[in-house]
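A.B. asks: Next input, structure requested:
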Amino acid sequence: MESDLEDMPKSFEKIEYKPIPVRELLLEMKNLSELMIDLAYSAALYNDKDLAEDVLALESRVDTLAYLLEMEIMVASRDPKDAEEMVGISRVASATDKISDAAADIAAIVTRNIGIHPIVGEIFEKVEERLMKVTVKANSAIVKKSIEELHLATRMGVDIIAIRRNNDWILNPKKTERVFQGDILITRGAQSGIEEFKDLAEGELAKLNVEERAKFEEIVSRFVELKDTSELMLDLAYSSLLLNSKELAEEVERLEERMDQLHTEFELLALTSDFKKEEASGFLGLIRLGVATEKIADAAADMAEVVLRGIEPHPILKLTIKEAEETVAQACVTADSPLVHKTLREARVHEETGMWVLVIKRGEKCLRPRADSKIEVGDVLVASGYAEGADDLKKLASPAQTCSVE
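C.D. replies: A predicted model of the protein is given here:
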């Protein structure tokens with residue numbers, strides 16, 4: 001079903017107080033907002049209006065959750081001490097709501113027929129985590145298999161974030177969900193894993209011709225950095241809250257300054273590029289994508305500010321991050337670990353566990369990892385990914401479980 005948001009007034013659900021635990025509300029907000037980002041980028045990449053409409057419906061759900069959580073905080077705050085303890089939760093909830101708003105902005109590019117320039121396809125081929133849309137064929141090895149049976153996260157570093165079956169969408173499918181012939185899968189993961197999964201499902205990806213890729217290479221490169229930086233900031237912000245780490249929060253703050261500069265440069269590149277008149281709408285969509293990435297970065301900075309202001313993250317925040325579908329984990333590298341003296345490229349942590357290493361904590365320093373960064377005994381790896389990979393990371397880093405950072 002197609003709709004034009006400019007002609008359709010937004011309806012609002014009447015909010016009534018319900019006694020729901022703050023942790024449950026915050027956990028659902030976090031999971032939904034992160035799912036929305038992936039689905040929104042997918043909607044833009046494939047110009048999929050049905051998927052974009054689903055993102056907007058999820059935004060409405062997150063808005064409702066934000067109101068309910070604010071009510072719970074008001075009820076729980078009986079004196080200044082209570083208010084001080086709950087302010088961190090309030091700030092994180094507000095930032096999570098901003099992330100969902102940014103995802104909705106991306107979806108609106110599709111629902112309002114603004115259009116996305118073809119170079120967006122090239123962009124998503126170069127980002128660290130790629131999105132892909134594949135159709136499952138009859139002779140595929142994954143037909144009738146459950147997501148759990150496929151072990152995609154640990155085997156390939158790939159996750160199925162949505163399934164379209166006939167005209168219905170299954171968002172954030174459960175592990176028990178089976179895959180059938182004709183299903184359209186929206187997947188996310190590392191390039192190597194995505195390509196392997198593509199072979200399994202026998203899907204295809206349309207690519208730009210060589211001339212267009214060369215013409216807009218600089219714009220593509222700049223947006224890739226924008227997207228990757230905003231998502232890194234988000235992961236680091238959650239990590240700073242979980243670990244109450246001022247160092248990680250300061251890194252988020254530094255990245256925000258870099259993000260502002262990147263966004264300005266990106267917009268100037270887009271506005272001064274030699275594009276055809278008929279491409280104008282597509283470039284407007286591209287610019288709005290850039291604005292959305294900066295909104296996500298700003299939300300991450302809001303979270304990090306909780307730590308920078310010296311507010312002790314409430315235990316509910318830490319529990320929420322640990323229980324989220326996408327979580328942050330830390331693992332101490334012991335002398336018996338196969339990771340010792342290997343570079344991140346050689347260690348293949350993501351391929352083995354499905355977790356992305358965000359930061360290497362070495363003593364009092366927080367090192368931003370690169371492919372050639374060497375892992376040493378005593379390093380603490382701070383990583384993000386799906387909860388099922390967190391235990392695998394800890395076993396890989398500390399086989400004998402002689403080192404604990406909990």
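
A.B. asks: Could you report the pLDDT at the closest residue to V307 other than its chain neighbours?
C.D. replies: Residue nearest to V307 in three dimensions, not counting chain neighbours: A249, with 4.0 Å by CB to CB, 6 or more residues apart in numbering. Glycine gets a C-beta too; all of them are placed from N, C-alpha and C. Per-residue confidence at A249 stands at 88 (pLDDT).

A.B. asks: A249 against L308, yeah?
C.D. replies: Yes: the pair A249 and L308 passes the contact test of CB atoms under 8 Å, sitting 4.9 Å apart.

A.B. asks: Compare these two (neighbour count), which wins?
C.D. replies: Neighbour comparison, A249 and L308: the larger count goes to A249, with 24 against 14 (by other CB atoms under 10 Å).

A.B. asks: Report the secondary structure state of that one.
C.D. replies: helix (DSSP: H, G, I helix; E, B strand; the rest coil).

A.B. asks: Give me the distance between it and L242.
C.D. replies: For A249, the distance to L242 equals 11 Å [CB to CB, to the nearest Å].

A.B. asks: One more: E388?
C.D. replies: Looking at E388 against L242, where the rule is CB to CB, the gap reads 18 Å.

A.B. asks: Between the two, tell me which one has more neighbours.
C.D. replies: Neighbours per residue, other CB under 10 Å: of E388 and L242, the larger number sits with L242, 21 against 17.

A.B. asks: Next, give phi and psi for that one.
C.D. replies: The phi and psi torsions at L242 (degrees, to the nearest 10) take the values phi -60, psi -40.

A.B. asks: Please give me every residue in contact with L56.
C.D. replies: Under the criterion of CB atoms under 8 Å, 6 or more residues apart in numbering, the neighbours of L56 are L5, A104, A107, A108, T111.

A.B. asks: got a list of what the closest residue to K374 other than its chain neighbours touches?
C.D. replies: Distances taken as CB to CB, 6+ apart put T343 closest to K374, at 5.5 Å, once the chain neighbours are dropped. Contact partners of T343, counting by CB under 8 Å, 6+ apart, are A371, D372, S373, K374, I375.

A.B. asks: Assess the claim that the third one and L358 are in contact.
C.D. replies: Just to be clear, that refers to S373. No: shown here, S373 and L358 do not form a contact pair, counting by CB under 8 Å, at 12.0 Å.
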